[in-house]
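Engineer: for reference, the sequence and a predicted model appear below.
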Amino acid sequence: MKKLLLIASFVILGTTAANAQENGFKVGVHAGLPFNDGYSFNAGVDVAYTWALSDNFELGATTGYSYYFGKEFTVPGISMGPISIPAQSYKFNIGSIPVAATAQYNFDGGFNLGADLGYAFLTGDADGGGFYYQPKIGYTFAEKHTVYASYKGISKEGTELSSVNIGYAIKF
């Protein structure tokens, strides 16, 4: 029975790979505006590999790097008698490296809907990581070029780092 299941799995995977002519890498860039007060801008690069499971549906894996540019803020100084603490300026920059599954449904006429779900590792002035999600709506033109709008969120222990983005990707 195990051998039969193994053979059936290879046949299904082989048929999917043979029929899916749109398998391949996607490379893209994005820019966005964070919803968090401490950040002014978000930009990054994306890399994905997808398999076309049908004429309209792609499934794959994605990663990349996204950088959140921090705003500078100042903590006022304190002066109490002989003790004086000067004002301090701070700026927190955070990077994220998602490791996620990606899916995209392509409608006739070039429009598509997609989503990424996974985990994002935080870098820079943050540590650890959190649940990563990114729903997308896009338009594909010239068969390999896609422009999209998305909402990107990273949830960590009840707080969220989020942004609204626009992006461009090309499929190889």
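Structural biologist: Received it, and whenever you're ready, just let me know what you need.
Engineer: who are the contact partners of residue 71?
Structural biologist: Counting by Cβ atoms under 8 Å, 6 or more residues apart in numbering, residue 71 makes contact with 37, 38, 39, 40, 91. For every residue, glycine as well, the C-beta is placed using N, CA and C.
Engineer: the residues you listed in helices, which ones?
Structural biologist: Of these, none are assigned to helices by DSSP state H.
Engineer: of those - the most surrounded one?
Structural biologist: Neighbour tally across those (other Cβ atoms under 10 Å): the maximum, 22 neighbours, falls on residue 39.
Engineer: excluding its backbone neighbours, what's nearest that residue?
Structural biologist: Leaving aside its chain neighbours, residue 39 sits nearest to residue 68 (4.5 Å; criterion: Cβ to Cβ, 6 or more residues apart in numbering).
Engineer: again with residue 89
Structural biologist: Nearest residue to residue 89, sequence neighbours excluded (Cβ to Cβ, 6+ apart): residue 74, at 4.8 Å.
Engineer: surely that neighbour touches residue 87?
Structural biologist: Yes - using Cβ atoms under 8 Å, residue 74 is in contact with residue 87, at 5.5 Å.
Engineer: now do the buried residues in stretch 99-106.
Structural biologist: Within stretch 99-106, the residues scored as buried using 16 or more other Cβ atoms under 10 Å are 100, 102, 103, 104, 106.
Engineer: start to end distance for stretch 102-122?
Structural biologist: End-to-end distance for stretch 102-122: 19 Å, by Cα to Cα, to the nearest Å.
Engineer: neighbouring contacts of it?
Structural biologist: 48, 50, 55-62, 94-101, 128-141, 146, 148, 154, 156.
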